[in-house]
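[1] only the shape, not the letters, is given here:
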């Protein structure tokens, strides 16, 4: 989950820079979207792994 926090922080930093740098605003906003996308992928992967572990444990208990 720390990785997700770091990725979200990078996204936030890009958005803050975009607010003050009109010359690179669209580039920075696109980069912020990229970091958000990576954070969402990481979060999705984390929950898929958690669900797989839970399902494996439940299958082992019912045997």
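    Arrived safely. Just so you know, these numbers come straight off a predicted model, no measurement behind them. Numbering: from 1, shown residues only.
[2] CA atoms for contacts and neighbours, from now on please.
    OK.
[3] tell me which residues in the lowest-mean-pLDDT helix or strand in the chain are buried?
    One helix or strand of the chain scores below all others by mean pLDDT, DSSP states H and E: helix 25-62, with a mean of 87. For helix 25-62, a neighbour-count test (16 or more other C-alpha atoms under 10 Å) marks 25, 28-29, 31-33, 35-36, 38-39, 42-43 as buried.
[4] excluding chain neighbours, what is closest to residue 4?
    Computed as C-alpha to C-alpha, 6 or more residues apart in numbering, the closest residue to residue 4 that is not its neighbour in sequence is residue 39, at 5.0 Å.
[5] likewise for residue 35?
    Nearest non-adjacent residue to residue 35, counting by C-alpha to C-alpha, 6+ apart: residue 11, 5.2 Å away.
[6] wait, residue 17 sits on residue 30?
    No - if you go by C-alpha atoms under 8 Å, residue 17 and residue 30 don't touch, sitting 12.0 Å apart.
[7] who touches both of those two?
    Residues touching both residue 17 and residue 30 by C-alpha atoms under 8 Å, 6 or more residues apart in numbering: none at all.
[8] center of the chain, which residue is that?
    residue 39 (0.9 Å; C-alpha atoms, centre = their mean).
[9] ok, now which ones touch that residue?
    Residues in contact with residue 39, defined by C-alpha under 8 Å, 6+ apart, are 3-5, 7-8.
[10] do residue 24 as well
    So residue 24 contacts residue 18 (C-alpha under 8 Å, 6+ apart).
[11] circling back: just the element for the residue nearest to residue 35, please.
    Applying DSSP states H and E as the criterion places residue 11 in helix 2-20.
[12] what packs against that helix?
    Counting by 3 or more C-alpha pairs under 8 Å, 6 or more residues apart in numbering; DSSP states H and E, the packing neighbours recorded for helix 2-20 are helix 25-62.
[13] good, we can wrap up now.
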